[in-house]
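**Q** Need coordinates for the following:
(chains A and B)
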Amino acid sequence: VSRRALFLVGLVVALVLAGGVSQFASSDPDGLTKVAADHGLDAKEREHDLADGPLSDYSAKGVDDDRLSGAVAGTAGVALTLVLAGGLFLLIRRKPESERQDEQETVDA
Amino acid sequence: VHVPDGFIDAPVSIAAGVVAAGGVAVCLRGARRELDDRIAPLAGLVAAFVFAAQMLNFPVAAGTSGHLLGGALAAILVGPYTGALCIAMVLLVQSLLFADGGVSALGVNVTIMGLVASLIGWLVVRAVLRTLPYGRRTVLAASFTAGLVSVLASSVTFVGFYAIGGTTDVALDTVLGAVVGVHLLIGIGEGLITALTVGSVVAVRPDLVAAVRDRLPRPALLDAPPTEAAA
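**A** Next comes the predicted model:
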């Protein structure tokens, strides 16, 4: 299996999970939220500062259909995370010898 | 375990932000050694995959769900430094765009789910891989254990933050028991998803998995496709 194939399969899986499977996810509060509510840890919880954002709570504002709204938000999140993380990693990666020499020459010049 | 705004007081949230920033700086340096042209795009995909998997809440008890944290998974696949950065990026996107996890709690969340989970997950998986003879079952067992222990470590670290900066006055042993108790169940789910995902990648390209790369029997290394450079 080539790296490219692995990348594409992984990306498709991520998009299907975020855009499709996520609508079948449990909507019960998660462990921390539940415990916090049961024991009162959340008495001073504040509403999220960005609660009115276009993708807040994993639903795309302006898309009326709940499923579609969640699918759009999930897909956008996967794409955005891929671009930001992938971009960061390409930026900080170990450069191949040749490229490093090029940079050195540019610096010298 | 996404901590919202207002659970932890301002001074401790700021202190956690400093810890998180320092940890991320260390990871940015350490990740250079883990990342090259081949791995960098795949590491970006790991972050995107964790984002997707975190949307899938699974039921753990009556009226309670849990979801993957992904720190152990990311560390196993791409190494502890890059793994922690993957989670930090996911948390940043979630907090700023999806209103999931407080902006003021970002330092707490990056510390517990990014730094602690990735580091502990990595240490556990490496310890198990060193102890048992290499094989499919060992990889699965090591991944499961790393996932489980990483979630417990995250939840204990959260209770630590609560102990020094909690905004409410609930008895600590109650908080510890309740938080760690529910995360034991979530940790089992984490372990299963981690083992399933790592197992799938190891089945096709074990040479791309950071935690097992140096444990592979020699023939597998020699079998690496010669066209790799061109791919």
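
**Q** what number of residues lie near B:Val180?
**A** Other residues within reach of B:Val180, judged by other C-beta atoms under 10 Å in any protein chain shown, total 18. Placement of C-beta: from N, CA and C, glycine included.

**Q** How about B:Ala20?
**A** For B:Ala20, the number of neighbouring residues by other C-beta under 10 Å comes to 22.

**Q** how about it, what does it touch?
**A** B:88, B:106-108, B:110-111, B:114-115 (C-beta atoms under 8 Å, 6 or more residues apart in numbering or on different chains).

**Q** so where does it fall, helix or strand?
**A** Secondary structure assigned from DSSP states H and E places B:Ala20 in helix B:10-34.

**Q** Next, the buried residues of that helix.
**A** Under the neighbour-count criterion of 16 or more other C-beta atoms under 10 Å in any protein chain shown, helix B:10-34 has B:12-13, B:15-17, B:19-20, B:23-24, B:27-28, B:30-32, B:34 buried.

**Q** still on that earlier bit, can you lay out the contacts of B:Ala20 as TSV showing distance to chain A, secondary structure and neighbour count?
**A** Written out in TSV, the entries for the contacts of B:Ala20 read as follows (distance: C-beta to the nearest C-beta, whole Å; DSSP: H, G, I helix; E, B strand; the rest coil; neighbours: other C-beta atoms under 10 Å in any protein chain shown):
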residue	distance to chain A	secondary structure	neighbour count
B:Ala88	9	helix	28
B:Leu106	11	helix	23
B:Gly107	15	helix	23
B:Val108	11	helix	28
B:Val110	14	helix	28
B:Thr111	15	helix	29
B:Gly114	12	helix	29
B:Leu115	16	helix	26
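
**Q** Show me which of the residues you listed is closest to B:Ile193.
**A** Using C-beta to C-beta, B:Gly114 is the member of the contacts of B:Ala20 that sits closest to B:Ile193, with 17.5 Å.

**Q** Any part of the longest helix seen in chain B near chain A?
**A** When every helix of chain B is counted residue by residue (DSSP state H), the longest turns out to be helix B:172-204. Yes. Applying C-beta under 8 Å from any C-beta of the partner chain, one finds helix B:172-204 touching chain A at B:174-175, B:178-179, B:182-183, B:185-186, B:201, B:204.

**Q** For PyMOL, what selects the buried ones among the residues you listed?
**A** When burial is assessed using 16+ other C-beta under 10 Å, the buried subset of the residues of helix B:172-204 next to chain A is captured in PyMOL by this command:
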select buried, chain B and resi 175+178+179+182+183+185+186+201
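
**Q** Just the terminal-to-terminal distance for stretch B:48-63.
**A** Start-to-end span of stretch B:48-63 (C-alpha to C-alpha, to the nearest Å) is 28 Å.

**Q** average pLDDT across it?
**A** Confidence over stretch B:48-63 (mean pLDDT, whole number) is 96.

**Q** chain center to stretch B:142-157, what's the gap?
**A** The chain centroid and the centroid of stretch B:142-157 are separated by 8 Å under C-alpha atoms, centre = their mean, to the nearest Å.

**Q** How about residues contacting that stretch?
**A** Contacts with stretch B:142-157, where a contact means C-beta under 8 Å, 6+ apart, come from A:32, B:1, B:69, B:71-73, B:75-76, B:111-113, B:116-118, B:120-122, B:124-125, B:128-129, B:132, B:176, B:179-180, B:183-184, B:186-188, B:190-195, B:197-199, B:211.
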